[in-house]
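**Student:** Would you be able to build a 3D model of this:
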Amino acid sequence: MSNPTNPLPEDKIIDLEIRLTHQEDHILSLDKIVYEQDKLLGALLEKVKQIDEKIKSSGESNILSSDEEQPPPHY
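**Tutor:** This next block holds a predicted model:
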């Protein structure tokens, strides 16, 4: 029987194995989260590129040059 203030070496090993198992589970869970976030980030970056290209292509055709633009009616 082990004393709470002085645990047996077997109890220490069991405690370490339990901690290691919890850490491995936690690491696997974090790894899965990082993988999912990486996929999401890639998709978001692709969407930003598409929006940027759309803005660049539509923005140039809708803006008149200063020579083509008529002055406001109050002038």
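**Student:** All the helices of the protein, residue numbers only.
**Tutor:** Secondary structure of the chain (DSSP state H): helices at 9-62.
**Student:** Output the below-cut-off pLDDT ranges for it.
**Tutor:** The chain contains residues with pLDDT under 70 at 1-4, 59-68, 75.
**Student:** Name the residues that touch stretch 29-48?
**Tutor:** Identification of contacts with stretch 29-48 by CB atoms under 8 Å, 6 or more residues apart in numbering yields no residue at all. For the C-beta atoms, the positions are set from N, CA and C on the backbone; glycine is no exception.
**Student:** distance between it and the chain's centre?
**Tutor:** On the basis of CA atoms, centre = their mean, to the nearest Å, stretch 29-48 sits 5 Å off its chain's mean C-alpha point.
**Student:** how about the CA coordinates for that stretch, as CSV?
**Tutor:** Extracted as CSV, the C-alpha positions of stretch 29-48 are listed here (Å, rounded to 0.1, in the frame of the first residue of the first chain):
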residue,chain,number,x,y,z
SER,A,29,-7.2,17.0,-30.9
LEU,A,30,-5.1,20.2,-31.4
ASP,A,31,-3.5,18.7,-34.6
LYS,A,32,-7.0,18.1,-36.0
ILE,A,33,-8.0,21.6,-35.2
VAL,A,34,-4.9,23.0,-36.9
TYR,A,35,-5.5,20.9,-40.0
GLU,A,36,-9.1,22.1,-40.2
GLN,A,37,-8.1,25.7,-39.8
ASP,A,38,-5.4,25.3,-42.5
LYS,A,39,-8.1,24.1,-44.9
LEU,A,40,-10.4,26.9,-44.0
LEU,A,41,-7.6,29.5,-44.3
GLY,A,42,-6.7,28.1,-47.8
ALA,A,43,-10.4,28.4,-48.8
LEU,A,44,-10.6,31.9,-47.5
LEU,A,45,-7.5,33.0,-49.2
GLU,A,46,-8.8,31.6,-52.5
LYS,A,47,-12.1,33.5,-52.0
VAL,A,48,-10.2,36.7,-51.3
